[in-house]
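A.B. asks: Okay, here's the prediction I keep looking at, along with the sequence it came from:
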Amino acid sequence: MCFPVESVQTVSVFVYGSLKPGELYYSEYCEGKVVAQRSAIAYGQLYDLPMGYPAMTFGDQVVYGMLLTFADPAVLVALDELEGYVEGGVEMSTIGWRSRCLALKESHWAGRGFT
């Protein structure tokens, strides 16, 4: 998960793995809570972890995912718990982190050489 962008009433989150529509955790954490979704990219470095799910860090590679917009920013509590994010820092036993990043919707990158 990369970057919550908060507005007055909504929060948008870039997802690239198990939180994408049709993937493992979408129905439990996102279904019925998402008010908008669109294809998007973000720049980073994607890793396949031995635990069976991906992780994203800072980098310059194109990462394809979805930008999910939620009506209630409180959804971040459940997403943070799933991702192992701890406010104010990351404990050694967790891998979750939260970062602001630029996520471009498909209309900004489609047909511009991103593969």
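C.D. replies: That came in fine, so what should we check first?
A.B. asks: contacts and neighbour counts: CA atoms only from here.
C.D. replies: OK.
A.B. asks: Show me the helices in the chain, by range?
C.D. replies: Assigned by DSSP state H, the helices in the chain fall at 26-29, 75-83, 106-109.
A.B. asks: of the ones you listed, which approaches Gln45 most closely?
C.D. replies: helix 75-83 (17.1 Å; CA to CA).
A.B. asks: Quick check: buried residues in the closest one?
C.D. replies: For helix 75-83, a neighbour-count test (16 or more other CA atoms under 10 Å) marks 75-76, 79-80 as buried.
A.B. asks: circling back to that earlier point, any chance of the helices of the chain in TSV with distance to Val35 as columns?
C.D. replies: Formatted as TSV, these follow (distance: least, CA to CA, whole Å):
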stretch	distance to Val35
helix 26-29	13
helix 75-83	12
helix 106-109	18
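A.B. asks: Which of these sits closest to Met56?
C.D. replies: Among the helices of the chain, the nearest to Met56 by CA to CA is helix 75-83 (11.6 Å).
A.B. asks: now the closest one: mean pLDDT?
C.D. replies: Average pLDDT, helix 75-83: 87.
A.B. asks: name the helices or strands packed onto it?
C.D. replies: helix 26-29 (3 or more CA pairs under 8 Å, 6 or more residues apart in numbering; DSSP states H and E).
A.B. asks: Show me what counts as buried in the helix it packs on.
C.D. replies: Using 16+ other CA under 10 Å as the test for burial, helix 26-29 gives 26, 29.
A.B. asks: quick one: low-confidence parts of this protein?
C.D. replies: 1-8, 86-115 (pLDDT under 70).
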